[in-house]
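A.B. asks: structure of the sequence below:
(chains A and B)
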Amino acid sequence: MEDTLLNPNILSCSDSIPSFLGIFDPSIAPALLYYAYIPIVIVSLVFGLIIFLRDRKSILSRLFAGITVAFSLWVLNIIIQWITTPNSIIYFAWQLTAILEVSMFLLAIYFVDVFISHKDISTNKKILLATIYLIALILTPTILNISSYDLTWCEGTIGSLWYAIYAFEVTSLLWIASIGFNYYKEHKNSINGLNFSRQNKLVTIGTIAFLFLFSGSNIYGEITQNYTVNLIGPIGMVVFLGLIAYLLSKYKSFGSTKIIGVQMLVYALWILVFSLVFINSIDLIHIVVGITFILLIILGVGLIRSVKKEIEQREKLERLTFQLSDANEKLKDLDKSKTEFLSLASHQLRSPLTAIKGYSSMLLEGSYDTITEKNKMPIDRIFQSANNLTLIVEDLLSVTKIEQGGMQYEFTGIDLAKIAKTLVDEQFVNAKNRGLELVFENKIGTAIVRADATKIRQVLLNFVDNAIKYTQKGSVKVTVEAIDKGKVRFSVKDSGVGMSEETKHNLFEKFKRGEEGSRINSGGSGLGLYLAKEIVGAHAGEIRVESEGVGKGSTFIVDLPLKNRENNIE
Amino acid sequence: MNNGKKAIPFISLLLLITIVVISYTFYKTVILDDYNSFNSLVEE
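C.D. replies: Okay, the predicted model is just below:
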């Protein structure tokens, strides 16, 4: 017995010599162990870390990091089982396998559920998962887990717990499939279902593929007692990682970008290529180069497609920009031609109009013999219509001048209150004829502003004239008053048709007329208020309209800066 | 998705139990070298 206990074969695994750190013999494991497992572990840990650091608070990030940690520990545990020489440590490693495997499956179920349902799982489910975990954990040191240790082969003999674990692993796969299927069934007919199903299908299928390869190779190894097959298991992790990388680039899950997927592939390639430096077996070189080639194909195809897409989009954008700038040039030309045409047409119209106005006026005054009462009315009509037409032509000419930048202003000091008073007096008869009360209120006395008298008069006249035209009964009140910051306000308040919010918004634009006003008076050009705005703008003033709504009257307001001694430019 | 705070005590408890059980397993297996089946195999 003494001899036997001193025999190094009892303490250490018989066929190994500890050549590394006193307890490891790296030479006894199949070389594939290092080349299949180590890069996958490094890549999955880096991947897990990146995802975790990107969004530490998200459950999905935590679960994904948890899966990669449990997986890496499982792989590390397998490496220890292979290369450690003391039997006690190998035995300990065998005992840990169960809980690591169960953790991985439980985390995967949790992950898929949260990924698909977009919310945390229910407390009942959490309790169920925790119970399964605790059962596996508590049975870890018992003979139900590892029943004995075989000295000849330096490996543990699995206990009855493992049958339950294999059953649990198969159930887990069905569980995950049912989570995916149930969600698909529930949301098949909803609008969300369309966006949802593809990435959910991918995560469900990817997780199942990962776990199936993982546990399938273990179960197969157990049945055939050929543990080299186990080496295939972790390849499933590549499927899982590849899928997550794809989802990251395609759907930006975890709030990340395309770059992570490419980063992961590049890191994996670096590790693989660098590992070639240490390989002296030609077979292993074949394997590593094979894996590198496959990863390069994936990366290459991805990059080519991405670059192609990028170039196509840029070309499309350039083409559209060119078309747009071309269209813009054409529009500018058209606008210029329109303005020139308007200017020309208005000038041509003005001369015959002057003749019509002049002669009809002379006819009315009796310059060409006395006219009968019967003839007076039609001639008066001709005179009035020619007058209206002249106003429209004048407006058109003013607009073309503004657009061509040729509007000339002659600024002098004028009394706004006086102009307003004259205007009201002139319009008094007009208002009375329409049965309206026209009131003038001067609250300031004298209001000297620096302005072009003719043009400002045109603006004020437009306000008063409009108020009379668009008010069918009631009154029109014109007020001149001082307001803060050295400004004078000219306002015209009427009890007329009023206007909607939308009309108010567009009223000062070219050729825009209030819908309500158009019904009462269809003759306007829609240029008067546009001109008023331009003219007031050139005087550093403000123009606006207030109305509480259709049928509630409106108030047109112009604020102009008062001329004071400090800024007397004259 | 971000109710991670609630889960902390629950997960901490699970981690604590895990550490205790794993430590016990390590103590029993590696420190005490207590693997009966292994000894029985040797005696045979």
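A.B. asks: tell me where the stretch 51-200 of chain A has helices.
C.D. replies: Ranges of helices within the stretch 51-200 of chain A are A:59-83, A:87-117, A:123-138, A:161-187, A:191-224, based on DSSP state H, counting those that start in this stretch.
A.B. asks: and the third one, what other elements does it pack with?
C.D. replies: Just to be clear, that refers to helix A:123-138. helix A:87-117, helix A:161-187, helix B:4-26 (3 or more Cβ pairs under 8 Å, 6 or more residues apart in numbering or on different chains; DSSP states H and E). Just so you know, the C-beta spots here come from the backbone N, C-alpha and C atoms, and that holds for glycine as well.
A.B. asks: can you name the residues in contact with that helix?
C.D. replies: Residues from elsewhere that reach helix A:123-138 (Cβ atoms under 8 Å, 6 or more residues apart in numbering or on different chains): A:98-99, A:102-103, A:106, A:109-110, A:113, A:121, A:161, A:165, A:168, B:10, B:14, B:17-18, B:21.
A.B. asks: so which bits of stretch A:453-464 are buried?
C.D. replies: For stretch A:453-464, a neighbour-count test (16 or more other Cβ atoms under 10 Å in any protein chain shown) marks A:453, A:455-464 as buried.
A.B. asks: deepest of the helices and strands packed on helix A:123-138, which one?
C.D. replies: helix A:87-117 (a mean of 23; mean count of other Cβ atoms under 10 Å in any protein chain shown).
A.B. asks: now the angle from that helix to helix A:161-187?
C.D. replies: 10 degrees (axes from the mean of the first three to the mean of the last three Cα atoms, to 10 degrees).
A.B. asks: any weak-confidence spans in chain B?
C.D. replies: Residues of chain B meeting the criterion pLDDT under 70: B:1-8, B:33-44.
A.B. asks: residue numbers of chain A in contact with chain B?
C.D. replies: Neighbours of chain B within chain A, by Cβ under 8 Å from any Cβ of the partner chain: A:1, A:4-5, A:10, A:57-60, A:62, A:87-89, A:91-92, A:95-96, A:99, A:114, A:118-120, A:126, A:130, A:133-134, A:137-138, A:140-141, A:143, A:147-151, A:157.
A.B. asks: let's see that with 6 Å instead.
C.D. replies: A:4, A:10, A:57-59, A:88, A:91-92, A:95, A:120, A:137, A:140-141, A:148-149, A:151 (Cβ under 6 Å from any Cβ of the partner chain).
A.B. asks: nearest to residue A:296, out of the helices and strands packed on helix A:123-138?
C.D. replies: helix A:87-117 (29.0 Å; Cβ to Cβ).
A.B. asks: show me what the closest one is packed up against.
C.D. replies: Helix A:87-117 makes packing contacts with helix A:59-83, helix A:123-138, strand A:146-150, helix A:161-187, helix A:191-224 when contacts are defined by 3 or more Cβ pairs under 6 Å, 6 or more residues apart in numbering or on different chains; DSSP states H and E.
A.B. asks: residue contacts, the residue in the stretch 401-550 of chain A positioned nearest to chain B?
C.D. replies: The stretch 401-550 of chain A approaches chain B most closely through residue A:501 (42.0 Å), counting by Cβ to the nearest Cβ. Neighbour list for residue A:501: empty [criterion: Cβ atoms under 6 Å, 6 or more residues apart in numbering or on different chains].
A.B. asks: sounds good, over and out.
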